[in-house]
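Participant: mind folding the following:
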Amino acid sequence: MSINFTPDPRLYPFESRWFDSSQGRIHYIDEGEGPPLLLCHGNPTWSFLYRNIVTALRDRFRCIAPDYLGFGLSDRPSGFGYKIDQHARVVGEFVDHLGLDGYLTMGQDWGGPISMAVAVQRADRVLGVVLGNTWFWPTDTLSTKLFSWVMSSPPMQYAILHRNFFVERLIPAGTRARPTAEVMEHYRAVQPDPESRRGVAEMPKQIMAAHALLARLAEEVPAKLGAKPALFVWGMKDFAFRPGPTLPRMRAAFPDHVLVELPDAKHFIQEDAPDEIARAIAARFG
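Facilitator: Here you go, the predicted model:
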């Protein structure tokens, strides 16, 4: 199925582009000129999440933001499983299709593991790494395991599919100030019915189910990407990726790193602190 929604050009002033992957048609934006900057979103968001970062950086960077299958304006293929390794394969096809070389990669939430899975296979083409409020190793904290178990339970799967729980509850909970009605509508409108939310519903299951991929990334990211210059932009009030347990592992994986703390930002750092993130990227890689 495809999504019939036209973003407001005042909020999302970009040209929609399309790539026919082996699994289905994905939507993306490709704005500006300069070093390519691949922007990978998480759950339940889409390229719209990066809108303010793209407008701030497109005079210096080529900003590329895809929507995964099952998210945003991309297709919802009936036979697609929405597993993290499947998303990574499709994004990898997309990166190869665009011929990205000397590119920067940014990931937040599930965009971290997805962007890292793509990058470790193309390490010679990666210029630098930006990560924020994410991870790339098997889950070992009880709170995250509980989140996965609870969100995978039948009652919560029903709430995600039929009540759009991730959009209606977790986006407001994960932002410093509740997004405006117009912004919320852009997250809501691309998940209009249960069938369109299958990708969103699968991701919390993948916290545990993607263990094999995450275990591989825990070894391959430091080995293949650890020498790259890295930037961490961290929402310090995030309930999911608290800096205490997470940042030491990030620092250890990327010795050549700069950390920019976002003191008031919660989980959705691109909503809470887009200007600070854009400045940090420009300062590190501009």
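
Participant: gap between the two ends of stretch 265-275?
Facilitator: For stretch 265-275, the first-to-last residue distance is 12 Å (CA to CA, to the nearest Å).

Participant: stretch 20-32 too?
Facilitator: End-to-end distance for stretch 20-32: 22 Å, by CA to CA.

Participant: which other residues reach that stretch?
Facilitator: For stretch 20-32, contacts defined as CB atoms under 8 Å, 6 or more residues apart in numbering pick out 2, 14-19, 47, 54, 57-69, 72-77, 80, 86, 89-90, 93-94, 98. For the C-beta atoms, the positions are set from N, CA and C on the backbone; glycine is no exception.

Participant: which of the residues in that stretch are buried?
Facilitator: 21, 23-24, 26-32 (16 or more other CB atoms under 10 Å).

Participant: stretch 65-79 too?
Facilitator: By 16+ other CB under 10 Å, the buried positions in stretch 65-79 come out as 65-76.

Participant: and which of the residues you listed is nearest residue 279?
Facilitator: Nearest to residue 279 among these, counting by CB to CB, is residue 65 at 18.5 Å.

Participant: ok but that closest one is inside a strand, no?
Facilitator: Yes - Residue 65: assigned to a strand according to DSSP: H, G, I helix; E, B strand; the rest coil.

Participant: for it, what are its contacts?
Facilitator: 28-29, 38-41, 47, 50, 54.

Participant: and if you look at residue 166?
Facilitator: Applying CB under 8 Å, 6+ apart to residue 166 gives the contacts 43-44, 160, 197, 200.

Participant: so it, which of the three states?
Facilitator: Under three-state DSSP, residue 166 falls in the helix class.

Participant: for it, which non-adjacent residue is closest in space?
Facilitator: Nearest residue to residue 166, sequence neighbours excluded (CB to CB, 6 or more residues apart in numbering): residue 44, at 3.9 Å.

Participant: endpoint to endpoint, stretch 251-267 covers what distance?
Facilitator: One end of stretch 251-267 to the other measures 19 Å (CA to CA).

Participant: please apply the same query to stretch 75-90.
Facilitator: Per CA to CA, stretch 75-90 runs 12 Å from first to last residue.

Participant: starting at the chain centroid, how far to that stretch?
Facilitator: Mean-position distance between stretch 75-90 and its chain equals 15 Å (CA atoms, centre = their mean, to the nearest Å).

Participant: what residues does it touch?
Facilitator: For stretch 75-90, the surrounding residues in contact (CB under 8 Å, 6+ apart) are 1-3, 21-26, 68-70, 110, 113-114, 117-118, 195-196, 198-199, 202-203, 206, 209-210, 213.

Participant: gap between residue 183 and residue 7?
Facilitator: Distance from residue 183 to residue 7, counting by CB to CB, to the nearest Å: 11 Å.

Participant: how close does the closest residue to residue 240 other than its chain neighbours sit to residue 222?
Facilitator: Leaving aside its chain neighbours, residue 240 sits nearest to residue 267 (5.3 Å; criterion: CB to CB, 6+ apart). Using CB to CB, residue 267 is found at 25 Å from residue 222.

Participant: who's more crowded, these two?
Facilitator: Shown here are residue 267 and residue 222; by other CB atoms under 10 Å, residue 267 has more neighbours (24 against 17).

Participant: what pLDDT does the more buried one get?
Facilitator: Looking at residue 267, its pLDDT stands at 98.

Participant: residue 184 now?
Facilitator: The predicted local confidence for residue 184 is 98.

Participant: how about it, nearest residue that isn't a chain neighbour?
Facilitator: Spatial nearest neighbour of residue 184, chain neighbours left out: residue 171 (7.1 Å); criterion: CB to CB, 6+ apart.

Participant: how about the strands in the stretch 1-150 of the chain?
Facilitator: For the stretch 1-150 of the chain, the strands defined by DSSP state E, counting those that start in this stretch occupy 17-20, 25-31, 36-40, 62-66, 103-109, 126-134.

Participant: poorly predicted segments of the stretch 51-200 of the chain, please.
Facilitator: Within the stretch 51-200 of the chain, not a single segment meets pLDDT under 70.

Participant: format the contacts of residue 65 as TSV; extra columns: distance to residue 232.
Facilitator: Below are the contacts of residue 65 laid out as TSV (distance: CB to CB, whole Å):
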residue	distance to residue 232
28	25
29	24
38	17
39	16
40	15
41	18
47	22
50	17
54	20
